[in-house]
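> Sequence first, predicted model second:
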Amino acid sequence: MNNHSFIYLASQSPRRQELLKQLGVQFEMLLPSPEEDSESIEIPLPHEKARDYVERVTLTKSTAALQRWKERQLPWAPILCADTTVSLPDDPKGEILGKPADGLDADRILTMLSGKVHEVLTAVAITPALDFKPLCIVQVSKVQFAALSEQDIATYIASGEPFGKAGAYGIQGLGGSLIPSIEGSYSGIMGLPLHETRELLNRAKVTRK
Ligand SMILES: Cc1cn([C@H]2C[C@H](O)[C@@H](COP(=O)(O)OP(=O)(O)OP(=O)(O)O)O2)c(=O)[nH]c1=O
């Protein structure tokens with residue numbers, strides 16, 4: 001495998017762009033065209049465990065991104081995809097808590113998380129070369145949530161921050177004030193675990209500044 005001076009980031013998450021910049025890697029965006037249906041990828045299978053789900057979704061994103069690369073006839077570079085999800089380990093239904101569909105759903109999710117410890121799982125996959133399978137890791141963090149009143153939840157939802165984020169919160173924003181402690185990776189909770197991603201980039205022979 002040759003060294004690579006840049007990669008493609010196939011993610012619409014502004015947090016992932018920010019975190020990738022922190023790693024000093026050159027990247028170009030490889031985003032879906034408006035006709036591409038990227039939302040329907042993120043539907044859990046019946047009884048699917050959060051770890052299996054986040055890995056499967058990330059590998060599906062990788063396949064879609066590779067197809068996109070082929071159609072656009074771009075020069076080759078490794079492709080990075082990721083997915084973040086939230087789950088409550090003690091939830092008997094083992095529900096996978098993704099992005100809230102609307103305000104009511106955000107209220108339901110935040111009520112479930114209130115006063116409890118949940119897990120945030122982020123899978124990262126890098127396709128290192130054209131005829132190689134993606135290299136994939138799953139990073140898991142534990143997050144303690146404060147006990148929230150109905151008013152706290154309503155105020156937080158009104159801020160707009162829960163939308164577009166797994167578990168209906170952002171640790172990097174106002175949501176950080178709802179979290180007394182974490183165990184794991186702050187960047188992983190935000191959507192791209194820096195340490196593990198650095199290791200994947202090294203394995204894919206991507207040079208950094
Ligand atoms: C828990 C948590 C999640 N998130 C975000 C990270 C992800 O952007 C989002 C989870 O959605 P994802 O489906 O992982 O990512 P995305 O839809 O934003 O982008 P793409 O599928 O194109 O890669 O939740 C935070 O920003 N802060 C947090 O504290």
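Happy to help now that I have it. Numbers count the residues shown, from 1 in each chain.
> Quick one: classify the residue lying farthest from the centre of the chain as helix, strand or coil.
Here the chain reaches farthest from its C-alpha mean at residue 151, the gap being 28.3 Å by Cα atoms, centre = their mean. Counting by DSSP: H, G, I helix; E, B strand; the rest coil, the backbone at residue 151 sits in helix.
> Okay, now the sheet partners of the helix or strand harbouring residue 124, with direction.
Per DSSP states H and E, residue 124 falls inside strand 117-127. Using DSSP bridges, strand 117-127 pairs in its sheet with strand 79-87 (antiparallel), strand 135-144 (antiparallel).
> among these, which is the most enclosed?
Of all the strands paired with strand 117-127, strand 79-87 carries the top mean neighbour count, a mean of 26, counting by mean count of other Cβ atoms under 10 Å. Bear in mind the C-beta positions are built from the backbone N, C-alpha and C, glycine included.
> tell me the average confidence for that one?
Average pLDDT, strand 79-87: 98.
> Same check on stretch 31-41?
Averaged over stretch 31-41, pLDDT sits at 83.
> residues of that stretch that come out buried?
Of the residues in stretch 31-41, 32, 41 count as buried by neighbour count, 16 or more other Cβ atoms under 10 Å.
> Can you measure across it, start residue to end residue?
15 Å (Cα to Cα, to the nearest Å).
> Do that stretch and the ligand come into contact?
No: interface with the ligand: stretch 31-41 contributes nothing (Cβ under 6 Å from any ligand atom), its closest point being 6.5 Å away.
> quick one: that stretch to chain centroid distance?
How far stretch 31-41 lies from its chain's middle: 16 Å, per Cα atoms, centre = their mean, to the nearest Å.
> does residue 22 really touch residue 193, like I thought?
No: with contacts counted by Cβ atoms under 8 Å, residue 22 stays clear of residue 193, the gap being 11.6 Å.
> if you count what's nearby, which of the two comes out ahead?
Using other Cβ atoms under 10 Å as the criterion, residue 22 and residue 193 rank with residue 193 on top: 28 against 12.
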